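# Generate coordinates for the sequence data below:
(chains A and B)
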There are 2 protein chains.
Amino acid sequence: MCELLAMSANVPTDICFSFAGLMQRGGNTGPHKDGWGVTFYEGKGCRSFKDPMPSAESKIAQLVTDYPIKSESVICHIRQANSGAVCLENTHPFVRQLWGKNWTYAHNGQLKNFIEALPVEHHIPVGTTDSEHAFCWLLDQLYITFGRTQPASEVLFNFIAEHAQQINQLGVFNLILSDGESLFAFCSNNLHWITRRAPFGQAQLIDADVVVDFKKETSSTDIVTVIATQPLTNNEKWHKMEAGQWHVFNKGLCVFGSPT
Amino acid sequence: MCELLAMSANVPTDICFSFAGLMQRGGNTGPHKDGWGVTFYEGKGCRSFKDPMPSAESKIAQLVTDYPIKSESVICHIRQANSGAVCLENTHPFVRQLWGKNWTYAHNGQLKNFIEALPVEHHIPVGTTDSEHAFCWLLDQLYITFGRTQPASEVLFNFIAEHAQQINQLGVFNLILSDGESLFAFCSNNLHWITRRAPFGQAQLIDADVVVDFKKETSSTDIVTVIATQPLTNNEKWHKMEAGQWHVFNKGLCVFGSPT
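I've put the predicted structure just below:
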């Protein structure tokens, strides 16, 4: 399997603290040694850092840990390969364009019979993973159904959730997807989230001997949500998502999602 | 204007030497301070490093200069903005997928009336540059003409060259485009290239006090072509391309191009 990490915030925020914890799971405190990647949005633009090397040993991961790139939307993934070889084209996140936006996608889980069950027509995978294939199929469904214009946000994400549920029938499909404004999270079996806002406190990483005092790092109006397959801190209360549950986050807040 | 740099090689080769020279033109020996980016292919996969900061001051550019990422195909761009604000979504190279490949594009020059002259339908720009708009139009023409299957290489690049010539009517359009295997270069007014192979010699950068002895860095079967808007070394013979001329490079060799 893999690990996912994502952030939605109402002000450009760096993810150095959470990233420092996650990266340790890539070959150090965890077995996810088959590459890693992270995509940062800045406005409509985004940039990714990727490496097929284990994150715990990667010079590029070290740069991202040390260099505070501030973003309102981030998606990060560390890989333990199960479908597709260890190589750059199979490294998440995957970024593709639709409707004049950059869409970023990362998947945790494993899908069976995906080539037969999810035929693709317009969006053709570059690599050989189940993950990228499902992303291409999802973009195809969006393009075939809505044509050249992005629908309203609730229509769009209800549609994506229905199709995530359909993909989920093929195995395990924990999904993070973003267009830079909205961050969509679909839980197959393994996603947690936490919203940090004033009054801020201290947090202690599980995977590294690092404590941060968010009071010193933030202003009182900041709202930051972090989503991860497993909680990254051991002294905060994370929400565990249920199977089939989904949420859309915008500027750090959960704005809508599946009926609970 | 901007500066372009690209490489095609028959073995994975790092571009640290050429990159070190080019980066100095981003705010130090040159005025191209409005961001930079580089895309490295590794097989079918690629990864980009981008920064809207001047390259001469960029920590990420420093990493790319120091860290020898080996690739058979590289495209690099430093920007002096003339169309579109200085921001990440306007930073080259632009990468999009077609036919299960990553296509990477960088442009030097400036186009007038591009929105009216180059209508886009399927591939919609994320940013506001003339460059990305022309890339989207080119992908649209490819998709509309050839559908779901990539044509043979000579058919494809003759088609691209004809359409590059059409875009070039709108202003200045020096273009580098790659799918990771083939590297296409179209000269509007400003492109030079050099092929290095045995017997290798020494090269001296123009923009930094750096000399490299390629004999020590290579094996005797290596073939490496470097393309740049302006020559990067002052003791080697670079080929100057003529207006309207184009070449396709593959594994370091010029394999075909415009009739001369």
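
# The stretch 51-200 of chain A against chain B: which residues are in contact?
By C-beta under 8 Å from any C-beta of the partner chain, the part of the stretch 51-200 of chain A that sits against chain B consists of A:51-52, A:59-60, A:63, A:67, A:87-91, A:95-97, A:99-102, A:121-127, A:148. Bear in mind the C-beta positions are built from the backbone N, C-alpha and C, glycine included.

# Let's see which of those residues end up in helices.
Residues of those located in helices (DSSP state H): A:K59, A:I60, A:L63.

# if we take those residues, which one ends up nearest to A:S258?
A:I60 (35.9 Å; C-beta to C-beta).

# pLDDT added to the ones in helices among the residues of the stretch 51-200 of chain A next to chain B, as CSV?
Shown next, in CSV, are these (pLDDT from 0 to 100):
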residue, pLDDT
A:K59, 89
A:I60, 89
A:L63, 88
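
# Buried subset of those residues as a PyMOL selection?
To isolate the buried ones among those in PyMOL, judged by 16 or more other C-beta atoms under 10 Å in any protein chain shown, type:
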select buried, chain A and resi 60+63
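
# What is the nearest of the ones in helices among the residues of the stretch 51-200 of chain A next to chain B to B:L170?
Checking these one by one against B:L170 (C-beta to C-beta), the nearest turns out to be A:I60, at 37.9 Å.

# right, and that closest one touches B:Y67 too?
Yes - between A:I60 and B:Y67 there is a contact under C-beta atoms under 8 Å: 7.5 Å.

# what residue ranges in the stretch 51-200 of chain A are flagged as low confidence?
Nowhere does the stretch 51-200 of chain A drop to pLDDT under 70.

# Tell me how far A:W36 lies from A:M7.
16 Å (C-beta to C-beta, to the nearest Å).

# dump the residue contacts of A:D66.
Contact analysis of A:D66 by C-beta atoms under 8 Å, 6 or more residues apart in numbering or on different chains lists A:C16.

# quick one: buried residues of stretch A:155-167?
A:L156, A:F157, A:N158, A:F159, A:I160, A:A161, A:H163, A:A164, A:Q166, A:I167.

# Show me the residues you listed that map onto helices.
Filtering the buried residues of stretch A:155-167 for helices - DSSP H - leaves A:L156, A:F157, A:N158, A:F159, A:I160, A:A161, A:H163, A:A164, A:Q166, A:I167.

# Next, give phi and psi for the residue nearest to A:P125 when sequence neighbours are not counted.
Spatial nearest neighbour of A:P125, chain neighbours left out: A:E132 (4.6 Å); criterion: C-beta to C-beta, 6 or more residues apart in numbering or on different chains. With angles defined as degrees, to the nearest 10, A:E132 sits at phi -70, psi -40.

# Would you check how far apart A:L98 and A:I115 are?
Taken as C-beta to C-beta, the span from A:L98 to A:I115 is 22 Å.

# The two: which is more packed in?
A:L98 (20 against 13; other C-beta atoms under 10 Å in any protein chain shown).

# Out of the ones in helices among the buried residues of stretch A:155-167, flag the one nearest to chain B.
A:L156 (15.9 Å; C-beta to the nearest C-beta).

# which non-adjacent residue is nearest that closest one?
Closest residue to A:L156 apart from its sequence neighbours, by C-beta to C-beta, 6+ apart: A:Q150 at 6.6 Å.

# Check the burial of the one you found by counting its neighbours.
Neighbour number of A:Q150 under other C-beta under 10 Å is 16.

# wait, it sits on A:Q97?
No - using C-beta under 8 Å, A:Q150 and A:Q97 do not qualify as a contacting pair, with a distance of 11.9 Å.

# A:W36 and A:M7: which has the busier surroundings?
Using other C-beta under 10 Å, the more surrounded residue of A:W36 and A:M7 is A:W36, with 34 against 26.

# Next one: that one from B:N174, what distance?
Counting by C-beta to C-beta, the gap from A:W36 to B:N174 is 35 Å.

# just A:F249 next, same as before
Going from A:F249 to B:N174 by C-beta to C-beta gives 42 Å.
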